[in-house]
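Q: Just to be clear, the model below is a prediction. Sequence and coordinates:
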Amino acid sequence: MQSFTYERAASAEQAAAAVAARPDAKFISGGTNLLDLMKLEIERPAHLVDISRLPLDRIEETAEGGLRVGAQVRNSDLAADPRVRSRYPMLTQALLAGASGQIRNKASTSGNLLQRTRCPYFYDRNMPCNKREQGSGCAALQGFNRMHAVLGASEACIAVHSSDMAVAMSGLDARIETISPGGETRTIPIGDFHRLPEATPHVETVLGHGEMIAAVTLPSPPPGRQVYRKVRDRASYAFALVSVAAIVETSGDRIRSARIAMGGVAAKPWRATEAERTLAGAAASDGAFTDAAEAALAGAVGHGGNDFKIPLAKRTMRHTLAAAAESA
Amino acid sequence: MAKTDNRSGPTRRTVLEGGVATGVLLATGIPVDAEPADTVTAAASPTPVPTMPMSLRINARDLAVELDPRTTLLDALRNHLGLTGSKKGCDHGQCGACTVLVDGRRINSCLTLAAMHEGDEITTVEGLAEGDRLHPVQAAFVARDGFQCGYCTPGQICSAVGMLGEAKAGWPSHASADVAAASVALTDAEIRERMSGNICRCAAYPNIVAAIRDAAEEA
């Protein structure tokens, strides 16, 4: 690990200013991803600003009937919150499908959103990776790529975003609140927060340097039953091959509305808006779920090792939609 | 690196460091009595590493240490405070051998900096027993033979202690059918899912699960 200096932030504004003041500074919160990458010298900050003790650790009711989740709320506390469990069950399910008990006790809401990909070539400093080293190339394109993206990828990068939590938040239309060094705040819809790789895969979000996440707001829970389904190589403590978060609202045997987000398929939580449109007003049937799955994966491109993800994502979506519609 | 070590007598680490210094003297061909040994050692070292003072509360004892900011909580425990019960397996949060309790919650001590835990109540496997009376989870691991080589055991035990607290608080898991249910029954499937952050290379899992089941029923 490269040497760094450390300070504990006194306030959100001071933290943002401290990071903004130095291009080589970073925030540290739970540290479960950052320290892992620092040990491998993939991340090499020269200064760390510890924001884990800032008073951003509460979950509060909002006027619109939703919840405002402080950036420092730990993943385990968010998953266990009785309001989240009863009103946003797919968020609890997604959080509990991710990582281990120890890591969820440490990882923060904001850090989960900002975690970096687990692409093995990103982790291997002997291999080219445009995300780690701009312009060096992408070893995954012709390499071992069964974990990689089938949607929204580019010739520069086919890595996926690894979060489960963010997939559920995408389906829930969460909004991300940030604070900048000057104290200004802004709100970013989660769909606009992560960037697709295009030619600059090292730029993963729309955040500026020193801009800090303060909270994530969940709008009031949408009508319908929520289900999060994750498919992975082992039953626990593994990243998703494919995951689907679905909310299906039915009226009789017809679907009034559906919201669907996918994980493990792209560099960001992938909102399947075409599939949602296909389902609105359709009969709740396997035919409709199949049409939706086909629409969601219509633009999918495999890279050899991950070709299986396209049919797997379709089947997972059909299964998840059926489960959400069945008990609605 | 400066060490504030409350123990007296040589440790394995100081013996190793002494061995390195002697090796330098031999390799450079400088007669051992030509120069004071500390001068030679200083010349052989790279730029001194900056350190920062911090106070850690571990197993109900307040300890002052001066550490490189890079020091993980695990390395602070093992290399600077003589608490070698917490083990280093993967050093990347994947195996759970380093699990300790911070304010009663289980975390991977390898994936956090010691500096981040000033003011926290840290409990390691050494701090679980009360005198000669083992913690119920420790006693259950002994009774059920919940290990083979024993390397993962301190992490398994600390993790189980934290996990039982989570279950008692009604936290659901990935194995829970209804995450909104107010309480959970710790079935074997629940125990296995909740303990998935602790790997046992000897695969003593059946007895580990049995030990945790016993401890849960006793609690």
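A: Good, I have the coordinates. Numbers count the residues shown, from 1 in each chain, chains lettered A, B, ... in the order given.

Q: quick one: A:Ala17 from B:Thr51, how far?
A: 26 Å (C-beta to C-beta, to the nearest Å). Backbone N, C-alpha and C define where each C-beta goes, glycine included.

Q: Please identify which of these two sits among more neighbours.
A: More neighbours surround A:Ala17 than the other of A:Ala17 and B:Thr51, with 18 against 15 (other C-beta atoms under 10 Å in any protein chain shown).

Q: Quick check: the more buried one vs chain B, distance?
A: Separation of A:Ala17 from chain B (C-beta to the nearest C-beta, to the nearest Å): 20 Å.

Q: A:Ala80 - how many residues pack around it?
A: Applying other C-beta under 10 Å, we find 20 residues neighbouring A:Ala80.

Q: Next: B:Glu166.
A: The tally of other residues near B:Glu166 (other C-beta under 10 Å) stands at 21.

Q: Quick one, grab the pLDDT at the residue of the stretch 51-200 of chain A found nearest chain B.
A: Among the residues of the stretch 51-200 of chain A, A:Ser100 lies closest to chain B, at 2.6 Å counting by C-beta to the nearest C-beta. At A:Ser100, the pLDDT value in this model is 98.

Q: Spatially, what comes nearest to it if we skip its sequence neighbours?
A: B:Gly197 (2.6 Å; C-beta to C-beta, 6 or more residues apart in numbering or on different chains).

Q: so who does the one you found touch?
A: Counting by C-beta atoms under 8 Å, 6 or more residues apart in numbering or on different chains, B:Gly197 touches A:99-103, A:237, B:96, B:99, B:108, B:159.

Q: mind giving me a markdown table with those residues and columns for neighbour count?
A: Formatted as a markdown table, those follow (neighbours: other C-beta atoms under 10 Å in any protein chain shown):
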| residue | neighbour count |
| --- | --- |
| A:Ala99 | 29 |
| A:Ser100 | 26 |
| A:Gly101 | 26 |
| A:Gln102 | 29 |
| A:Ile103 | 25 |
| A:Tyr237 | 21 |
| B:Gly96 | 28 |
| B:Thr99 | 33 |
| B:Asn108 | 35 |
| B:Ser159 | 30 |
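
Q: Show me the residues you listed that map onto strands.
A: Using DSSP state E, the subset of the contacts of B:Gly197 located in strands is B:99, B:108.

Q: would you list every one of the helices in chain B?
A: Ranges of helices in chain B, per DSSP state H, are B:12-28, B:37-44, B:73-75, B:136-144, B:153-168, B:188-194, B:205-218.

Q: okay, and for chain B, where does confidence drop off?
A: B:1-45 (pLDDT under 70).

Q: mind redoing it with 90?
A: Applying pLDDT under 90 to chain B flags the ranges B:1-49, B:218-219.

Q: so what are the domain limits for it?
A: Per automatic domain parsing, the structural domains of chain B span B:1-48, B:52-127, B:136-218.

Q: roughly how far apart are the closest residue to chain A within chain B and B:Gly89?
A: Residue nearest to chain A within chain B: B:Gly197 (2.6 Å; C-beta to the nearest C-beta). Distance of B:Gly197 to B:Gly89, given as C-beta to C-beta: 11 Å.

Q: so what sits against both of these two?
A: With C-beta under 8 Å, 6+ apart, B:Gly197 and B:Gly89 have common neighbours B:Gly96.

Q: Contacts only, for the most centrally placed residue in chain B.
A: Centroid-nearest residue in chain B, with C-alpha atoms, centre = their mean: B:Ser86, separated by 2.7 Å. Residues in contact with B:Ser86 (C-beta under 8 Å, 6+ apart) are B:74, B:77-78, B:97-100, B:109, B:124-125, B:154-155, B:158.

Q: likewise A:Leu321?
A: A:244, A:246, A:248, A:258, A:260, A:279, A:289, A:292-293.

Q: Can you classify it by secondary structure?
A: Under the three-state scheme (DSSP: H, G, I helix; E, B strand; the rest coil), A:Leu321 adopts helix.

Q: how close does it sit to A:Val248?
A: A:Leu321 is 6 Å from A:Val248, by C-beta to C-beta.

Q: which neighbours do those two share?
A: Counting by C-beta under 8 Å, 6+ apart, the residues touching both A:Leu321 and A:Val248 are A:258, A:279.

Q: The closest residue to A:Arg259 other than its chain neighbours: helix or strand, and which one exactly?
A: In space, and not counting its chain neighbours, A:Arg259 is closest to A:Ile247: 4.4 Å by C-beta to C-beta, 6+ apart. A:Ile247 belongs to strand A:240-251 when elements are defined using DSSP states H and E.

Q: by contact count, what packs against the very next helix or strand once past that strand?
A: Downstream of strand A:240-251, the next assigned helix or strand under DSSP H and E is strand A:254-263. Secondary-structure packing of strand A:254-263 (3 or more C-beta pairs under 8 Å, 6 or more residues apart in numbering or on different chains; DSSP states H and E): helix A:165-171, strand A:240-251, strand A:270-271, helix A:273-279, helix A:286-296, helix A:309-326.

Q: How about the first one and chain B, touching?
A: Just to be clear, that refers to helix A:165-171. No - using C-beta under 8 Å from any C-beta of the partner chain, helix A:165-171 never reaches chain B; the gap is at least 11.8 Å.

Q: Tell me the residues on chain A that lie near chain B, please.
A: A:1, A:3-6, A:8, A:28, A:30-32, A:35-36, A:39, A:48, A:50, A:52, A:76, A:79-80, A:82, A:85-86, A:89, A:92-93, A:96-97, A:99-103, A:105-106, A:235-237.

Q: Chain neighbours aside, what residue packs nearest to the residue in the stretch 101-250 of chain A positioned nearest to chain B?
A: Chain B sits closest to A:Ser236 of the stretch 101-250 of chain A, with a gap of 3.7 Å, by C-beta to the nearest C-beta. Spatial nearest neighbour of A:Ser236, chain neighbours left out: B:Ser196 (3.7 Å); criterion: C-beta to C-beta, 6+ apart.

Q: Repeat that for B:Val161.
A: B:Val137 (5.2 Å).

Q: The one you found reaches B:Asp214, doesn't it?
A: No - between B:Val137 and B:Asp214 there is no contact under C-beta atoms under 8 Å: 9.0 Å.

Q: more neighbours, these two?
A: B:Val137 (26 against 18).

Q: before we move on, the earlier item: with mean pLDDT added, can I get the helices and strands packed on strand A:254-263 in CSV?
A: Output for those, formatted as CSV (pLDDT from 0 to 100):
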stretch, mean pLDDT
helix A:165-171, 99
strand A:240-251, 98
strand A:270-271, 98
helix A:273-279, 98
helix A:286-296, 98
helix A:309-326, 97
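
Q: highest average neighbour count across the ones you listed?
A: For these, the largest average neighbour count (mean count of other C-beta atoms under 10 Å in any protein chain shown) is found in helix A:165-171, namely a mean of 29.
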